[in-house]
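A.B. asks: here is my input, please return the structure:
(chains A, B and C)
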Amino acid sequence: MATPQQQQSTLKDPVTEANVKPDTAKADSNLKLTARNINFFYGQFQALHGISLDIPTNKVTAFIGPSGCGKSTFLRTMNRMNETLRNTRVEGDLKLDGENLFSMDVTDVRRRVGMVFQKSNPFPKTIFDNVAYGLRVNGISKKSVVAEAVEKSLQHAALWTEVKDKLQKPASALSGGQQQRLCIARALAVEPEVLLLDEPCSALDPIATLKIEELLFQIKDITTIVIVTHNMQQAARLADFTGFFLMGKLIEINDTKKIFQNPGKKETEDYVTGRFG
Amino acid sequence: MMMEISGTRRFINSFMLALSGIATVLVVSVLFFILGYLLIHGASSLNWDFFTKLPKPSGETGGGMANAIVGSGKVLLLATLIGVPIGFLAGVFLAEYSGKSFAFLIRYVVDLLNGVPSIVIGIVAYAIVVRPMKHFSTLAGGTALGIMMIPIAVRTTEEFLRAVPNNLREGAMALGATKATTIFTVVIPAAISGLTSGMMLNLARVAGETAPLLFTALGNQYWSQGWLAPIATLPVMIYNYAIAPEDDLHQQAWAAGFVLLTLVLLINVTARLIIARGPASQRR
Amino acid sequence: MASSTYIAETLSRRTDRGFIARLRGGDEISYLVTLACTVSILLIVGLIVFELWVNSRPTFTAFGFGFLTSSAWDPNANKFGALPFIYGTCVTAFLGMIMAVPLGVAAAIFLSEMAPPKLSNILTFLIELLAAVPSVIYGLIGIFILVPAIRVYLVPPLQAAFGHIFLFEGTFYGLSYLSAGIVLSVMVVPFIISVSREVLMAVPTEQREAALALGATKWETTWDIVLPNASTGIFGSIFLALARALGETMAVTMVVGNSPKISASLLAPGYSIAAVIANEFAEANGDLYISSLIFMALVLFGLTIVINAVARIFIMTTQGKGA
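C.D. replies: So this is what the prediction gives:
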């Protein structure tokens, strides 16, 4: 399950309309996550309306849209982080590799679907302990295994050379960009099948942003990436597929090239040409 | 036409500034006055005997408060063991698990407990420990002081845990940590400087308490064995010696007062320094 | 790589369990244990009320509410009345507050509005240390320094000027309502200062700036704008301080004179509820004696709860405004 998938030359087109019948979403090794008719409620307020889409394996999928459109809310549904809030309700179907995400053990889900947050949140521990945290919490404590995994994750996060001599220093000593890469390393250490990133570069300067975009490009071989971004150029640079959200609905999801150059819907066109948002 | 501020108004302004400043200086000088007096009267009466000898029977001069110093330590240790875990865990509940209305109720009750005069707590400890056992004890004293430590333990814990950014909790849970694991391996370590400082202030406050010990721990001329015998404590000795007729005992009361105050102030200052040097999120 | 497979297999098999991972089932335990501790606090408070109530019954059965209005206190004759102590508690607390409130609020104003921030912080720090001084130490200072000083420097001019008023009649031996009142005020002032200062500082800067921009002096701004804004909060702090003064034991016991008689003169020795309990509880024999002392403790308990509740109302109103 954790072995990287080989890239296939032909890919199924991701779903572009809401309300697709469930039986078309059979377990397809090319589709890591499939969502059908996801509705989400904060109390009485409905934040997501009938979201249906597929996340292809080992690709980068980006969610774009104006503030408050529900892209972050939907992202957080995919690792069930919304359950930590009070008074929320989710309806619909969400499958990870064909398995129903909502009936799995939630800590299992979160280990397999990792997340990197908008504002970097390193723990008040050493750099090493930060990256090792996920492993230890999930039951892996053998020193040699942990040390090797930490090094591997830091390399994937393009941070190893900068911190290899100071692994025992507190994580707070790192710069903003380094901290975010540390958080990426921390998420990668448990070998997630999907990595969700919620506007990971919005608090960073352009150079730090570039470093992170480069490493995301490299790691899509070992995991599937879903990134929420308010920066359309970033989506255009990074993503294989892009989905446009507006007011809690998924307006359109397709090849990034098509979304930006030849969008199917008027709202998408208005957004990507900068007419609003 | 430009209106200049009138002379009267300016005078009133300066006058009030001076008045309020004098009031402040007056209050602060009390502190220096107390410290000064304790230093002069107390430090000068301090000798090695004070820390090593037992009190002499009435009529004889000399002796020390060795048993009271150790006694205070024992009672405070017991109080911490009784009060801090309950208060701390209740604080964790309030910060991490509780719903809004239940939390409001609990906070109200905790504040109520905090406002109960210490002597009343002493009476309750008497009723539930001394009376059934039919004698005074370290346990009774520790119970009284332990109950007094609970409200501040709850408040401090809740306040400093809430101050930990939610970001951190989400980061841990996103890696597959359960809520309990997150609390104990991430949130509490993040709040540790505030929690430590709070507990130190709690201890310092309770260390000087006399009233609840008067009829729980009572006092002891000798060493107190175990936890179920009456025990001498520093504050109670100060009180007993201060109201005694002998001048020699007065001197010892000053010495003890000096030691007690130094300890209490030292703990206070250290606690506040810990907060000032800790992470910014933990500062009030 | 070998370890990569190990991690992957371990994590997907979930058979290997480290110490921290065993806390997995610990969500329930953690919730229950912390809940239990919270509930136990409720039980402790209930226990306090229960014990006070139950142990007061003998006195209540013997004297009824008349206990609170009777001033006959003769333990040997089994006669008990709480009035001298209630009276003394109120008089000393009132005295203490009268002196502490103007001083405390004035100092709070200085620290919040007038003093430069650095100076204000240092002085506040020192004043908060004052609040940490144990009561028995104030008692020490009270007996050996304050009382002689009052006797020598304060009372002669006081009696010379006001000796004809009933408040200042009689010979002054040192231990008295007045001495206790003064010691109480010294103890309570730091508390008033720190709470009032916080309340004052919580008044939004915009309010001050609006007044200053119109040409008001600092004092005028404080008096006309800041204080009215902060008044409910300051009242709250006064009530909190009052509750403390009522329950204050050691310092009062050491200087009040321990005389269970009601006197109009402030220079006469007196007693307070907390002081009589402190002095006589350990040796009290006989159910009625002990129960009388406990009944008074119950009265004190009730009094402090009511005053604290009033204080909270004031403070919550301020918070509503300030936000």
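A.B. asks: any bit of the lengthiest helix in chain C sitting next to chain A?
C.D. replies: Identified as the longest helix of chain C according to DSSP state H is helix C:26-63. No - against chain A, helix C:26-63 shows no contacts by C-beta under 8 Å from any C-beta of the partner chain, the least distance being 9.6 Å. C-beta coordinates here come from the backbone N, C-alpha and C atoms, glycine included.
A.B. asks: so which elements touch that helix?
C.D. replies: Under the contact criterion of 3 or more C-beta pairs under 8 Å, 6 or more residues apart in numbering or on different chains; DSSP states H and E, helix C:26-63 touches helix B:66-92, helix B:100-115, helix B:118-125, helix B:138-162, helix B:179-182, helix C:287-322.
A.B. asks: center of the chain - which residue?
C.D. replies: Answering for chain A, as no chain was given. In chain A, the C-alpha nearest the mean C-alpha coordinate belongs to residue A:196, at 1.5 Å (C-alpha atoms, centre = their mean).
A.B. asks: nope, chain C
C.D. replies: Nearest to chain C centroid, counting by C-alpha atoms, centre = their mean: residue C:244, 1.5 Å.
A.B. asks: averaged pLDDT, the one helix or strand it maps to. What do you get?
C.D. replies: Under the criterion of DSSP states H and E, residue C:244 resides in helix C:227-247. If you average the pLDDT over helix C:227-247, you get 91.
A.B. asks: in the stretch 151-277 of chain A, what residue lies closest to chain B?
C.D. replies: Closest residue of the stretch 151-277 of chain A to chain B, C-beta to the nearest C-beta: residue A:190 (6.2 Å).
A.B. asks: in which helix or strand does that residue reside?
C.D. replies: Assigned by DSSP H and E, residue A:190 falls within no helix or strand.
A.B. asks: per-residue pLDDT, it?
C.D. replies: Per-residue pLDDT puts residue A:190 at 93.
A.B. asks: wait, doesn't it sit right on residue A:110?
C.D. replies: No - taking contacts as C-beta atoms under 8 Å, residue A:190 lies outside contact range of residue A:110: 9.1 Å.
A.B. asks: and for those two, which residues touch both?
C.D. replies: Common contacts of residue A:190 and residue A:110 (C-beta atoms under 8 Å, 6 or more residues apart in numbering or on different chains): B:175-176.
A.B. asks: for residue A:99, give its distance to residue C:106.
C.D. replies: Counting by C-beta to C-beta, to the nearest Å, the gap between residue A:99 and residue C:106 amounts to 71 Å.
A.B. asks: so is stretch B:146-155 next to chain C?
C.D. replies: Yes - contact of stretch B:146-155 with chain C (C-beta under 8 Å from any C-beta) involves B:147, B:150, B:154.
A.B. asks: closest residue of the stretch 1-150 of chain B to chain A?
C.D. replies: At 8.2 Å from chain A, residue B:99 is the closest residue in the stretch 1-150 of chain B, using C-beta to the nearest C-beta.
A.B. asks: contacting residues for that residue?
C.D. replies: Going by C-beta under 8 Å, 6+ apart, residue B:99 touches no other residue.
A.B. asks: could you redo the last one with a cut-off of 10 Å?
C.D. replies: residue A:86 (C-beta atoms under 10 Å, 6 or more residues apart in numbering or on different chains).
A.B. asks: repeat that for residue B:231.
C.D. replies: Contact partners of residue B:231, counting by C-beta under 10 Å, 6+ apart, are B:67-68, B:70-72, B:74-75, B:78, B:136-142, B:213, B:216-220, B:222-225.
A.B. asks: out of those, which touch chain C?
C.D. replies: Near chain C, taking C-beta under 10 Å from any C-beta of the partner chain as the test, the members of the contacts of residue B:231 found are B:136, B:216, B:218-219.
A.B. asks: show me what contacts the residue nearest to residue A:79 when sequence neighbours are not counted?
C.D. replies: Distances taken as C-beta to C-beta, 6 or more residues apart in numbering or on different chains place residue A:113 nearest to residue A:79, at 4.1 Å, with adjacent residues excluded. Shown in contact with residue A:113 (C-beta under 10 Å, 6+ apart): A:32-33, A:78-81, A:96, A:101, A:187, A:192-196, A:223-224, A:226, B:174, B:176.
A.B. asks: just to revisit the earlier point, what packs against the helix or strand encompassing the residue nearest to the centre of chain A?
C.D. replies: For residue A:196, the host element (DSSP H and E) is strand A:194-198. Where contact means 3 or more C-beta pairs under 10 Å, 6 or more residues apart in numbering or on different chains; DSSP states H and E, strand A:194-198 is packed against strand A:31-42, strand A:60-64, helix A:71-78, strand A:113-116, helix A:176-188, helix A:206-219, strand A:224-228.
A.B. asks: show me what the third one is packed against.
C.D. replies: In this case it means helix A:71-78. So helix A:71-78, by 3+ C-beta pairs under 10 Å, 6+ apart, packs with strand A:31-42, strand A:45-56, strand A:60-64, strand A:88-96, strand A:113-116, strand A:194-198, strand A:224-228, strand A:241-246.
A.B. asks: can you check what angle separates the third one from strand A:45-56?
C.D. replies: Put plainly, it is strand A:60-64. 160 degrees (axes from the mean of the first three to the mean of the last three C-alpha atoms, to 10 degrees).
A.B. asks: now do strand A:60-64, average pLDDT.
C.D. replies: So the average pLDDT for strand A:60-64 ends up being 94.
A.B. asks: from the chain's centroid, how far away is it?
C.D. replies: Distance, stretch centre to chain centre, for strand A:60-64: 8 Å (C-alpha atoms, centre = their mean, to the nearest Å).
A.B. asks: and if you look at the last one?
C.D. replies: Centre-to-centre, strand A:241-246 and its host chain are 14 Å apart (C-alpha atoms, centre = their mean).
A.B. asks: that one: partners in the sheet, and parallel or antiparallel?
C.D. replies: Using DSSP bridges, strand A:241-246 pairs in its sheet with strand A:60-64 (parallel), strand A:249-255 (antiparallel).
A.B. asks: same question for the fifth one.
C.D. replies: When sheet partners are counted by DSSP bridges, strand A:113-116 sits next to strand A:194-198 (parallel).
A.B. asks: give me the low-pLDDT residue ranges for the chain?
C.D. replies: Using chain A here. Where chain A drops to pLDDT under 70, the residues are A:1-29, A:277.
A.B. asks: let's do chain C instead
C.D. replies: Those would be C:1-25, C:319-323, if you go by pLDDT under 70 across chain C.
A.B. asks: who's in contact with the residue of the stretch 151-277 of chain A closest to chain B?
C.D. replies: Per C-beta under 10 Å, 6+ apart, neighbours of residue A:190: A:110-112, A:114, A:131, A:133-135, A:137-138, A:140, A:149, A:153, B:175-176, C:7-8, C:11.
A.B. asks: could you list which of the residues you listed belong to strands?
C.D. replies: residue A:114 (DSSP state E).
A.B. asks: in PyMOL, select just the buried ones from the contacts of residue A:190.
C.D. replies: Per 16 or more other C-beta atoms under 10 Å in any protein chain shown, the buried members of the contacts of residue A:190 correspond to this PyMOL selection:
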select buried, (chain A and resi 110+111+112+114+131+133+134+135+137+138+140+149+153) or (chain B and resi 175+176) or (chain C and resi 7+8+11)
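A.B. asks: which parts of the stretch 151-284 of chain B are helices?
C.D. replies: Along the stretch 151-284 of chain B, counting by DSSP state H, counting those that start in this stretch, helices occupy B:166-173, B:179-182, B:188-190, B:192-207, B:234-242, B:247-277.
A.B. asks: now the helices and strands packed on strand A:194-198 as TSV including distance to residue A:253?
C.D. replies: Formatted as TSV, the helices and strands packed on strand A:194-198 follow (distance: least, C-beta to C-beta, whole Å):
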stretch	distance to residue A:253
strand A:31-42	10
strand A:60-64	8
helix A:71-78	11
strand A:113-116	19
helix A:176-188	24
helix A:206-219	19
strand A:224-228	11
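A.B. asks: state the distance from residue A:73 to residue C:160.
C.D. replies: As judged by C-beta to C-beta, residue A:73 and residue C:160 stand 80 Å apart.
A.B. asks: the more surrounded of these two?
C.D. replies: Using other C-beta atoms under 10 Å in any protein chain shown as the criterion, residue A:73 and residue C:160 rank with residue A:73 on top: 22 against 9.
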